[in-house]
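> Prediction below, plus the sequence it came from.
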Amino acid sequence: MSVKNICCIGAGYVGGPTCTVIADKCSDIKVTVVDINQRRIDEWNSDTLPIFEPGLEEIVKRNRGKNLFFSTDVTQAVLEADLIFISVNTPTKTFGMGKGRAPDLKYIESAARKIADTAKSAKIIVEKSTVPVKAAESISKILKHNSKCTGFQVLSNPEFLAEGTAIRDLLNPDRVLIGGDTSKEGQAAIRALSEVYERWVPKERVLTTNTWSSELSKLTANAFLAQRISSINAISAVCEATGADVSEVSYAIGKDSRIGDKFLRASIGFGGSCFQKDVLNLVYLCEALNLPEVAEYWHQVILMNNFQRRRFVNKIIKRLFGTITGKKITIYGFAFKKDTGDTRESSSIYITKYLLEEEARIVIYDPKVSEDQIRSDLSDCESFHSPSDFDRYVTICKDPYEAAKDSHALVICTEWDEFVTLDYERIYGLMEKPAFIFDGRLILKHEALRKIGFQVDVVGKDFS
Ligand SMILES: NC(=O)c1ccc[n+]([C@@H]2O[C@H](COP(=O)([O-])OP(=O)(O)OC[C@H]3O[C@@H](n4cnc5c(N)ncnc54)[C@H](O)[C@@H]3O)[C@@H](O)[C@H]2O)c1
Ligand SMILES: O=c1ccn([C@@H]2O[C@H](COP(=O)(O)OP(=O)(O)O[C@H]3O[C@H](CO)[C@@H](O)[C@H](O)[C@H]3O)[C@@H](O)[C@H]2O)c(=O)[nH]1
């Protein structure tokens, strides 16, 4: 079977860019991305897309209305499609069984039920969302027991794109992973999806496995990546205590081809919607499988991440003479990494909240994150006692120099390129003295800053 019509349920960070690239590469396939969120769909259909990703806007604009459509009409898109991606969110549960660990699968289930209720013919259902092992089995059961049709095939096709480089990753993926049933029908469904990717991905990079291996590979990949960051961050604490420099250690170990040099940047901890959620998902799975030692092993990755954030703030307080109460502290960067406006689980949120607990005055500058988003991210800050406390303690600036004015300390929380080339002589002149810089991303020229007069502190190196 060759795929002619694709529907993607969920027009988020994954569904939007992934289907845009599919539409771009497969002009003969009609691709419709649907969502229950009207505003999101309106934005996808407007000049201001709901997400910022380098290169995305151009590809959306050249395909939208031709073979790429964004709609809230889920029923129609499901009816027409022969292949349906489920690309809905799977956040960590905040209540009930598995609270704080297990992924909330209610959106997956509602998408599966919608397909079961709507479909008038068998379809290939592709799990794109990150899910626990055996989620495909649940989707199959929902379809089997609720649909008038038979013959659905459920595939696992996890997404490995990283935000900020989504288009590059989608156009040139390290691999595409497709897991499916070992039956003849399952293999035919795998073939049909592979042929879509093979329009632009070399065949040898399209890997096929059984469903459970594919589901588990996604959690494992994120757990390994997050573990590398926690490992180098753990070493950064040792560096600060010994006179070693974490950048030199990273470089030295990265030269070992068995270790490799990627994902060894010490930082204020990993953020983003995936790493914490997916490691916790794995931890919960291990607990459910009665493997407490394995669960504990992976949980340590999260604990180390939390420790790193707290440790960084403790250092700020210590350097600022033990008190930051009433002091103005400027945060550069609120997104969880550069080249995205996404703030989900951003370390900036945690660091800002810790600083607010000490009653510091916070000024935030980020080139892409909106004021509304920052307000929403800090709305549950425990140190706010009334809604007006936000404006009392937090200021959001659209200009990095204005943000630095009268500040005691600059804290680099996101590695935006523009932070490297700011005029730090000018910034120094604007700040209170001694003027402190805390580089949580190791992106600035530290010696040059020290020459200007800054007191410089970085993750993983002690200048004192
Ligand atoms: N963000 C990433 O970089 C990334 C990368 C790889 C994998 N993933 C995984 O992909 C999945 C989606 O992530 P995301 O970042 O795109 O999430 P997101 O929150 O940006 O988008 C999900 C969208 O699904 C919609 N939705 C939920 N239930 C729906 C339903 N029943 N019908 C129609 N629409 C529905 C929501 O309204 C939302 O717009 C998650 O499982 C995530 O772990 C994310
Ligand atoms: O050496 C490093 C590399 C990354 N980070 C931080 O780690 C977080 C995550 O970064 P990254 O992995 O680049 O972005 P994500 O968009 O979260 O992508 C991850 O999560 C996605 C969702 O599952 C996967 O698809 C991707 O493969 C996986 O890289 C960010 O806060 C980074 O600043 C570091 O601190 N040090």
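Thanks, I have the structure now. Ligands and ions are numbered 1, 2, ... in the order given.

> so after the helix ranked longest in the chain, what's the next helix or strand?
Counting residues, the longest helix found in the chain (DSSP state H) is helix 211-242. Per DSSP states H and E, the first helix or strand lying C-terminal to helix 211-242 is helix 246-254.

> Next, the angle helix 211-242 makes with that following helix.
With axes from the mean of the first three to the mean of the last three Cα atoms, to 10 degrees applied, the angle from helix 246-254 to helix 211-242 works out at 130 degrees.

> If you count contacts, what does the strand or helix carrying residue 195 end up packed against?
Counting by DSSP H and E, the element that carries residue 195 is helix 184-197. Packing partners of helix 184-197 (3 or more Cβ pairs under 8 Å, 6 or more residues apart in numbering; DSSP states H and E): strand 83-86, strand 124-127, strand 153-156, strand 176-180, strand 206-210. From N, CA and C alone the C-beta is placed, and that goes for glycine too.

> Contacts for the next helix or strand after the second one, please.
The helix or strand immediately downstream of strand 124-127 is helix 135-146, counting by DSSP H and E. The list of residues contacting helix 135-146 from outside it, by Cβ atoms under 8 Å, 6 or more residues apart in numbering, reads 86, 105, 108-109, 112-113, 115-117, 125, 127, 150, 152, 154-156, 179, 211, 215.

> and the angle for helix 135-146 with strand 176-180?
If you take the same axes, to 10 degrees, helix 135-146 sits at 50 degrees to strand 176-180.

> Wait, residue 124 touches residue 189, no?
Yes - at 4.7 Å, residue 124 counts as touching residue 189 under the criterion of Cβ atoms under 8 Å.

> Now the common contact residues for the two.
Listed as contacting both residue 124 and residue 189 by Cβ under 8 Å, 6+ apart are 153, 155.

> Just the buried subset of the contacts of helix 135-146, please.
Buried by 16 or more other Cβ atoms under 10 Å: 86, 105, 108, 112, 115-116, 125, 127, 152, 154-156, 179, 211, 215, out of those.

> Can you tell me which of these is closest to residue 94?
Taking Cβ to Cβ as the measure, residue 105 is the one of the buried ones among the contacts of helix 135-146 closest to residue 94, at 13.5 Å.

> Show the contacting residues for that closest one.
90, 131-132, 135, 138.

> Repeat the analysis, applying 10 Å as the threshold.
For residue 105, the contact set (Cβ atoms under 10 Å, 6 or more residues apart in numbering) comprises 88, 90, 93, 112, 129, 131-132, 135, 138-139.

> of the residues you listed, list those near ligand 1.
Near ligand 1, judged by Cβ under 6 Å from any ligand atom, the entries from the contacts of residue 105 are 88, 90, 129.

> neighbours of the last one, just the number please.
The reference is to residue 129. 26 (other Cβ atoms under 10 Å).

> For it, which non-adjacent residue is closest in space?
For residue 129, ignoring the flanking residues on the chain, the nearest one in space by Cβ to Cβ, 6 or more residues apart in numbering is residue 90 at 5.0 Å.

> What's the separation between the one you found and ligand 2?
10 Å (Cβ to the nearest ligand atom, to the nearest Å).

> what sits against that residue?
Taking Cβ under 10 Å, 6+ apart as the contact definition, residue 90 lies against 10, 102-108, 129-132, 135, 273-274, 277-278, 281.

> Would you mind giving the secondary structure of it?
Under the three-state scheme (DSSP: H, G, I helix; E, B strand; the rest coil), residue 90 adopts coil.

> Wait, residue 3 touches residue 188, no?
No - with contact defined as Cβ atoms under 10 Å, residue 3 does not reach residue 188; the gap is 11.7 Å.

> Quickly list what's touching both of these two.
residue 124.

> Tell me which of the two has more neighbours.
Neighbour count, other Cβ under 10 Å: between residue 3 and residue 188, residue 3 has more, with 19 against 14.

> Could you check how many residues crowd around the residue nearest to that one when sequence neighbours are not counted?
Excluding the flanking residues, the one nearest residue 3 by Cβ to Cβ, 6+ apart is residue 83, at 4.9 Å. Counted with other Cβ under 10 Å, residues neighbouring residue 83 total 23.

> Compute the distance between residue 83 and ligand 1, please.
Counting by Cβ to the nearest ligand atom - residue 83 and ligand 1 are separated by 16 Å.

> measure that residue to residue 123 for me?
Look at residue 83 and residue 123: by Cβ to Cβ, to the nearest Å, they are 7 Å apart.

> which residues are in contact with both of these two?
Jointly contacting residue 83 and residue 123 under the rule Cβ under 10 Å, 6+ apart are 5, 7, 153, 189.

> Can you convert these into JSON lines and add a column each for distance to residue 269?
Formatted as JSON lines, those follow (distance: Cβ to Cβ, whole Å):
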{"residue": "5", "distance to residue 269": "43"}
{"residue": "7", "distance to residue 269": "37"}
{"residue": "153", "distance to residue 269": "40"}
{"residue": "189", "distance to residue 269": "40"}
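
> Which of these sits closest to residue 450?
Distance to residue 450, by Cβ to Cβ, is smallest for residue 7 among these, at 56.5 Å.

> rounded to a whole number, what's the mean pLDDT of the helix holding residue 195?
The average pLDDT within helix 184-197 is 97.

> all strands for the stretch 251-400 of the chain, in order.
Listed in chain order, the strands of the stretch 251-400 of the chain (DSSP state E, counting those that start in this stretch) span 328-332, 361-365, 394-397.

> Pick the most buried one from those strands.
Mean neighbour count, computed with mean count of other Cβ atoms under 10 Å, is highest for strand 328-332 among these, reaching a mean of 26.

> wait, what's in contact with the residue nearest to residue 423 when sequence neighbours are not counted?
Of all residues not flanking residue 423 in the chain, residue 401 sits nearest, at 7.7 Å (Cβ to Cβ, 6+ apart). Counting by Cβ under 10 Å, 6+ apart, residue 401 touches 365, 422-423, 426-427, 429-430.
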